[in-house]
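Trainee: 3D model of this:
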Amino acid sequence: MQSNLAEVFMLRRLNKYSITAIVGTLLLAMAVTFAASRDTNRVDHVTLPQMSPIHVTLDNAIASNENRPGDHFEATVSEPVVVDGKTVIPEGAEVRGLVVDARHSGRLMGRARLELALETVDVNGEDYQIQTEPDFRVGHNHNKRNWALIGGGGGGGALIGALAAGGKGALIGGPIGAGAGLTVAYLTGKKDIRLPAESRLTFRLSEPTTIDVKS
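Mentor: Residues are numbered from 1 along each chain as shown. I've put the predicted structure just below:
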């Protein structure tokens, strides 16, 4: 009888220790899981310094004779932006830009202009406002080309007139040739700026930008 009682007490003590061990193990597992989830969800505030480059690829074409100031464009980050070993803006992030200025080319004068800047970047589903130095482009100058066409046309007309009718023919042929050169310059003079889709551009931050980065 006493032996049976001892066995009962022993089993009770073992069960008590087992329950305590199980509870302790569960609590430890819960604590480890909670700590891991906190580490996973931890967010670091990383500041990109001024003049940090952002390399993008245009999603759509932009042209000085088709777009207007105030138009928006879409682009994709083509290289990750990394600070102290942390990827702040991943490759493939979507950015939204603004056409700051766009002026089409004249036929005989007036150079084309195109000025672009970035406004926002999407990182992990959240849009961040950014300010960048403008990407500024100016078209070719008309003057040298126009004078070459007009002068060449006048010289050619004078030569043909001289061959045909002597000195008087040169006087007549010169203005006619110059007029023809002017016509060619007018018809072919537009030199607009066009950036096709997939064009690679680089912008630089004009102000520091803070972005939340998940650890």
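Trainee: where does the protein have low pLDDT?
Mentor: Scanning the chain for pLDDT under 70 picks out 1-41, 106-110, 140-190, 215.
Trainee: how about the residue lying closest to residue 94 once chain neighbours are set aside, what does it touch?
Mentor: Distance criterion CB to CB, 6 or more residues apart in numbering; nearest residue to residue 94, sequence neighbours excluded, is residue 122 at 4.5 Å. Placement of C-beta: from N, CA and C, glycine included. By CB atoms under 8 Å, 6 or more residues apart in numbering, the contact list for residue 122 reads 93-95, 128.
Trainee: repeat that for 10 Å
Mentor: With contacts defined as CB atoms under 10 Å, 6 or more residues apart in numbering, residue 122 is in contact with 77, 89, 92-96, 128.
Trainee: so which strand or helix has it?
Mentor: strand 113-123 (DSSP states H and E).
Trainee: parallel or antiparallel, list what pairs with that strand.
Mentor: strand 94-103 (antiparallel), strand 126-129 (antiparallel), strand 135-138 (antiparallel) (DSSP bridges).
Trainee: in TSV, list those strands along with mean neighbour count and distance to residue 54.
Mentor: As requested, the strands paired with strand 113-123 are exported to TSV (neighbours: other CB atoms under 10 Å; distance: least, CB to CB, whole Å):
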stretch	mean neighbour count	distance to residue 54
strand 94-103	19	7
strand 126-129	12	11
strand 135-138	14	11
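Trainee: tabulate the ones you listed (TSV), appending distance to residue 196.
Mentor: Converted to TSV, the strands paired with strand 113-123 look like this (distance: least, CB to CB, whole Å):
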stretch	distance to residue 196
strand 94-103	16
strand 126-129	26
strand 135-138	14
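Trainee: so for residue 214, which of these sits nearest?
Mentor: strand 126-129 (10.9 Å; CB to CB).
Trainee: which residues sit against that closest one?
Mentor: Residues contacting strand 126-129 (CB under 10 Å, 6+ apart): 48, 88-89, 93-96, 118-122, 207, 209-212.
Trainee: re the thing from before, and of the strands paired with strand 113-123, who's closest to residue 57?
Mentor: That would be strand 94-103 among the strands paired with strand 113-123, by CB to CB, at 9.8 Å.
Trainee: rewinding a little: can I get the buried part of the contacts of strand 126-129 as one PyMOL selection?
Mentor: Per 16 or more other CB atoms under 10 Å, the buried members of those correspond to this PyMOL selection:
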select buried, resi 48+88+89+93+95+118+121+209+211
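Trainee: identify the bridge partners of the residue nearest to residue 94.
Mentor: Beta-bridge partners of residue 122, as defined by DSSP bridges: residue 127.
Trainee: over to residue 74?
Mentor: Under the criterion used (DSSP bridges), residue 74 bridges to residue 96.
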